[in-house]
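Participant: fold the following and give me the result.
(one chain, ligands or ions: 2)
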Amino acid sequence: MNPLRVIVLMHEDLVPPDSLEGYSETEILEWKTEFDVLHTLREIGHDAQPVGVSDDLGKIRRAIVEMKPHLAFNLLEEFHGIPVYDSHVVSYLILAQQKYTGCNPRGLMLAHDKALSKQILTYHRVPNPKFVVFSRGQRAKRPARLDFPLFVKSATEDASLGLSRASIVRNDEQLLERVRIIHETVKTDALCEQYIEGRELYVGVMGNQRLQTFPIWELEFRENPDGVPLIATRKAKWDPDFQKKYGVMTDAAKDLPADLTSKIVRMCKRVYRVLNLSGYARIDLRLTDDGRIFVLEANPNPNLSFGEDFAESAEAAGVGYEELLNRICSLGLRYESSL
Ligand SMILES: Nc1ncnc2c1ncn2[C@@H]1O[C@H](COP(=O)(O)OP(=O)(O)O)[C@@H](O)[C@H]1O
Ligand SMILES: [Mg+2]
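Facilitator: Residues are numbered from 1 along each chain as shown. Ligands and ions are numbered 1, 2, ... in the order given. As a prediction, this is how the structure comes out:
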């Protein structure tokens, strides 16, 4: 690939230093993705410049005018602190006629609205847990079609905000309380789903029209003395102490029969298509003991840190980190909106 001028859009608090030296593990974790992407793009030979953004579109505008980048590498996950605004920033890039990496605005908007994406998945017969949404200000009353245990989460926030083992509710009282917590602390509508006991699988998907999937990945708690439920909470994702104690591991899923594997792969590509995703994404699923698959959610623009699930599963498919970033860049350059 020819060297490109790239602006790497990232939260202004996450603009990384030039070197890791002198920073603690926890500090590095904060901006590791930004560091890995920026420095690897440079190592490949691209002229990559960070642009820190939190609530000022002018910064993006100025970077576009001054640098005339071939591409904006989009690592933004929010604007004004609001995750669902990320699609609007990409719309702004489109209005500025700027090519960008990752997902288009419609895909971002659909995937971030968990209830709407579940309605679309259901229409396309993609199995996903039965659900009800309780809007803010609405009292949680369980519909008769939903049995306990249920799982209560935010309808729009991601990164496991508001999740803990108490998110699994087993009676109406717990349901009421957990919905109240989502409304009052996460400050979003609450999505209440059938709790699916089972293995937790992730599938990386990449492409615009022609899609490639990476090997199925699995989250495991390999040591679990006090029997905590297998849930990807913030602690499981980010807390090194919790990870050590419970042996939190993600790795290639083992012992999946070939027909089940190909069914999962087909399903994930379908999810990607019906939610109008582009660039790259990770689909989260659950597999029950009796072999039923449920799609939990689609994550456009998933975490791209070196060594994290998406890059690891790409690596397992023979796509190393530099190659992965180059492919993401060329998908961004080639993406043509059908809208
Ligand atoms: N219906 C469900 N049944 C079982 N576990 C669930 C369910 N929904 C979510 N989870 C657990 O919570 C985690 C986070 O939920 P998810 O919908 O993926 O939101 P986030 O956007 O925070 O990743 C999942 O990875 C899974 O471990
Ligand atoms: Mg998830």
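Participant: how many other residues sit next to residue 119?
Facilitator: 14 (other Cβ atoms under 10 Å). (C-beta placed from N, C-alpha, C; glycine too.)
Participant: the helix or strand encompassing it: which residues count as buried?
Facilitator: Element membership for residue 119, per DSSP states H and E: helix 114-123. For helix 114-123, burial by neighbour count (16 or more other Cβ atoms under 10 Å) applies to 114, 116, 117, 118, 120, 121.
Participant: show me what that helix is packed against.
Facilitator: Packing contacts for helix 114-123, counted by 3 or more Cβ pairs under 8 Å, 6 or more residues apart in numbering; DSSP states H and E, involve helix 105-112, strand 131-134, helix 258-274, strand 293-300.
Participant: give the rounded mean pLDDT of that helix.
Facilitator: Average pLDDT, helix 114-123: 97.
Participant: that one vs helix 105-112, what angle?
Facilitator: Interaxial angle of helix 114-123 relative to helix 105-112 (axes from the mean of the first three to the mean of the last three Cα atoms, to 10 degrees): 100 degrees.
Participant: who's in contact with helix 114-123?
Facilitator: Helix 114-123 has contacts (Cβ atoms under 8 Å, 6 or more residues apart in numbering) with 110-111, 128, 131, 133, 153-156, 189, 191, 271, 274-275, 295, 297-298.
Participant: now those: which count as buried?
Facilitator: With burial judged by 16+ other Cβ under 10 Å, the buried subset of the contacts of helix 114-123 is 110-111, 128, 131, 153-156, 189, 191, 271, 274-275, 295, 297-298.
Participant: circling back: would you format the buried residues of helix 114-123 as a markdown table with distance to ligand 1 included?
Facilitator: Shown next, in a markdown table, are those (distance: Cβ to the nearest ligand atom, whole Å):
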| residue | distance to ligand 1 |
| --- | --- |
| 114 | 7 |
| 116 | 14 |
| 117 | 10 |
| 118 | 10 |
| 120 | 15 |
| 121 | 13 |
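Participant: make CSV from those and add distance to residue 327 to it.
Facilitator: What follows is the buried residues of helix 114-123, written out as CSV (distance: Cβ to Cβ, whole Å):
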residue, distance to residue 327
114, 28
116, 29
117, 25
118, 29
120, 27
121, 26
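Participant: out of the buried ones among the contacts of helix 114-123, which is nearest to ligand 1?
Facilitator: residue 297 (4.3 Å; Cβ to the nearest ligand atom).
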